[in-house]
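Trainee: Provided below are the primary sequence and the corresponding predicted coordinates.
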Amino acid sequence: MPILRLFAGLLALALSACASNTPPPATAAAVKRPAHPVILISVDGLRADYLRRGVSPNITALAARGVTTNAMRPSFPSLTFPNHYTLVTGLRPDRHGVVNNNMRDAELGAFSMGIRSAVEDGRWWNDAEPIWVTAEQAGIPTATMFWPGSEAALRGVRPYRWLKFDGDMPEAARVDQLLAWLDERPQERPSLGFATLYFDTVDHDGHEFGPDSPQVNTALARVDAQIGRLLAGLQQRGIEANIVLVADHGMAQVSNDRRILLDALLDPASVQLVAGGAIASLNPQPGQEVAVKAALLRPHPHMACHEKANLPARLHYGRHRRVPAIICIAEAGWMIWQSAPPASQTQRPLGGMHGYDPAHPDMAASFVAAGPAFRAGVVLPPFDNVDVHPLLLRLLGLPAMATDGDGKVLAKALR
C-alpha cells in the first residue's frame with residue numbers, strides 16, 4: 001500500500017474485532033454454499049517478478065500445483081485502494097469510484113487512507129458492490145482480514161467477521177485470526193465460504209528501500225512463511241480451500257533526483273493539488289483554467305498531462321465525477337510533487353513508488369491460484385485484474401455480473 005506504514009500513526013488504532021450477527025437473508029436457501037471455501041490473499045506490492053527470486057518457496061509450491069501468470073496488469077492508477085476495490089468488484093476505478101488513494105468529492109469532501117471517518121464512510125464505496133456483499137446477500141458467510149472497503153457498511157451489508165485495519169498487527173496474528181474464524185461453527189448459519197487476508201510489509205519495504213533491496217526479499221520471505229503457516233493450518237483442519245493470491249500493483253525504483261516540481265511550471269496558488277506522486281491530479285482554481293492548461297497541457301520531460309476527457313482510451317479513466325480536471329502521469333521512476341522541501345528540512349528519500357501506467361513491466365502484479373477447483377501447472381498469458389472478480393463469483397457458485405471483467409479469461413484455469 002502506497003507508503004502505508006509511513007501513515008501508520010494516522011491509521012493505527014485499537015484493534016477492534018467486529019461481527020455482523022444478522023441471520024442469513026431470505027435468498028440464502030436459493031444459493032448452494034460453495035463446497036470449498038475461497039480465500040483471497042493480497043500481498044501488497046508483490047511485483048510479478050519477485051516470485052522468481054527464490055525466497056518464496058511456499059508461494060512457488062502453491063503455483064506449481066495450481067495456476068499462475070507472468071503478469072497481471074493492474075488498473076489505472078496502479079495504486080492500492082483503487083486496485084484492491086477493482087479486484088473485489090470487477091470494475092475499473094473509473095467505474096467503482098475509488099479513483100485514487102487521495103480524492104475529493106463535491107459532497108463528501110476529502111478522502112485519504114489517513115482519514116478514518118472517510119475510510120469508514122460507505123458513500124465513498126457504494127458505486128460498486130464488493131464480493132463479500134454479493135456473497136452475504138446470497139447467504140454465504142464472509143470474513144475480511146483487512147481489505148479496503150470492508151470497514152464500511154456497503155449497501156447496508158458488512159462481512160460476517162471483519163477487523164478495522166491495524167498496520168501494527170503482526171503477520172502471524174493475521175493468519176491466526178483467519179484460522180480462528182474458520183474454526184467457528186455458529187449454529188445459526190454455515191461456516192465461512194469466503195475470506196480475505198492482507199499483508200503489507202512487502203509494499204512498505206519496497207517504498208522505503210526500493211524494489212531491488214534485500215529488505216524487500218526479507219519481507220517477502222516473512223510473508224511466504226506465514227502463507228506456509230496458513231496452508232499448514234488448513235491441512236490440519238481438513239479444509240480444502242481454493243486459494244487466490246494476488247497483488248494490487250508492482251513497484252518501480254525512484255530517487256530524489258528524479259522529481260518533477262509543479263511550482264516550476266505554474267503558480268501553486270492557481271491549482272488544487274488533489275494527489276501527487278506517480279500521477280498528479282489537479283483542479284484549476286476558478287479563473288485560472290486557461291493559465292493552468294497552457295502550463296501543463298504541453299510536452300514535458302518525463303511527464304504527460306491530459307484533460308480528464310482526453311486521457312488515452314487504454315487507461316479507461318476520466319469519466320468519474322471524482323477524477324480531477326487534469327491528470328499528469330510521470331514516466332516510471334519519476335515522481336510529481338508540488339514543490340521541493342526546504343533545504344533545512346531533512347527528508348529520507350523514497351526507494352520505490354507505484355501508480356504509473358499499468359502497461360509498464362514494473363507495475364505488473366502477481367497472481368497465483370490453487371485448490372480443488374484449479375488445474376495444476378498452468379501458466380496463463382498476461383491478463384487484467386478486472387478478470388479476477390468473475391473467477392471469484394464462479395468459485396462461490398454465484399451468478400455472473402455485468403462488470404469490466406471477462407469470465408472466459410480465467411475459466412481455462414479451472415478443472
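Mentor: Yes, it's here.
Trainee: show me the helices in the stretch 101-250 of the chain, by range?
Mentor: Counting by DSSP state H, counting those that start in this stretch, the stretch 101-250 of the chain has helices at residues 116-119, 131-137, 171-183, 201-209, 214-236.
Trainee: mean confidence for the second one?
Mentor: Confidence for helix 131-137, expressed as mean pLDDT, is 97.
Trainee: can you dump the C-alpha coordinates of it into CSV?
Mentor: Backbone C-alpha positions of helix 131-137 (Å, rounded to 0.1, in the frame of the first residue of the first chain) are rendered in CSV as follows:
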residue,chain,number,x,y,z
ILE,A,131,-17.8,-9.7,-3.5
TRP,A,132,-18.4,-10.0,0.3
VAL,A,133,-21.7,-8.1,-0.1
THR,A,134,-22.8,-10.3,-3.0
ALA,A,135,-21.9,-13.4,-1.0
GLU,A,136,-23.6,-12.3,2.2
GLN,A,137,-26.8,-11.4,0.3
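Trainee: residues in contact with it: which ones?
Mentor: For helix 131-137, the surrounding residues in contact (C-beta atoms under 8 Å, 6 or more residues apart in numbering) are 20, 25, 27, 40, 88-89, 141-142, 144, 150, 154-155, 157-160, 193-194, 196, 389, 392-393, 396, 398, 401. The way it works is simple: take the backbone N, C-alpha and C, and place the C-beta from them, glycine included.
Trainee: please pick the buried ones from these.
Mentor: Buried positions within the contacts of helix 131-137, assessed by neighbour count (16 or more other C-beta atoms under 10 Å), are 40, 88-89, 141-142, 144, 150, 154, 157-160, 193-194, 196, 389, 392-393, 396, 398, 401.
Trainee: returning to that earlier point: would you list the helices of the stretch 101-250 of the chain in TSV and tack on mean neighbour count?
Mentor: Rendered in TSV, the data for those read as follows (neighbours: other C-beta atoms under 10 Å):
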stretch	mean neighbour count
helix 116-119	15
helix 131-137	25
helix 171-183	18
helix 201-209	25
helix 214-236	18
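Trainee: among these, which comes closest to Glu289?
Mentor: Judged by C-beta to C-beta, the one of the helices of the stretch 101-250 of the chain that comes nearest to Glu289 is helix 116-119, at 27.5 Å.
Trainee: so, low pLDDT: which residues of this structure?
Mentor: Under the criterion pLDDT under 70, the flagged ranges of the chain are 1-32, 186-189, 342-347.
Trainee: per the record, what domains does it have?
Mentor: Annotated domains of the chain cover 5-252+358-411, 259-349 [automatic domain parsing].
Trainee: hey, which of those domains is tucked in deepest?
Mentor: domain 5-252+358-411 (a mean of 20; mean count of other C-beta atoms under 10 Å).
Trainee: run the chain-centre distance for that one.
Mentor: Here domain 5-252+358-411 is found 7 Å from its chain centre; the criterion is C-alpha atoms, centre = their mean, to the nearest Å.
Trainee: out of the helices of the stretch 101-250 of the chain, flag the one nearest Leu262.
Mentor: With C-beta to C-beta as the measure, helix 201-209 is the member of those nearest Leu262 (21.4 Å).
Trainee: and the closest one, what other elements does it pack with?
Mentor: helix 214-236, strand 352-353 (3 or more C-beta pairs under 8 Å, 6 or more residues apart in numbering; DSSP states H and E).
Trainee: helices or strands next to the shortest one in the packing?
Mentor: So the one you mean is strand 352-353. Contact partners of strand 352-353 among helices and strands, from 3+ C-beta pairs under 8 Å, 6+ apart: helix 201-209, strand 252-253.
Trainee: that one: partners in the sheet, and parallel or antiparallel?
Mentor: In the sheet, strand 352-353 lines up against strand 252-253 (antiparallel) (DSSP bridges).
Trainee: measure Gly355 to Met303 for me?
Mentor: Noted for Gly355: a distance of 13 Å to Met303, by C-beta to C-beta, to the nearest Å.
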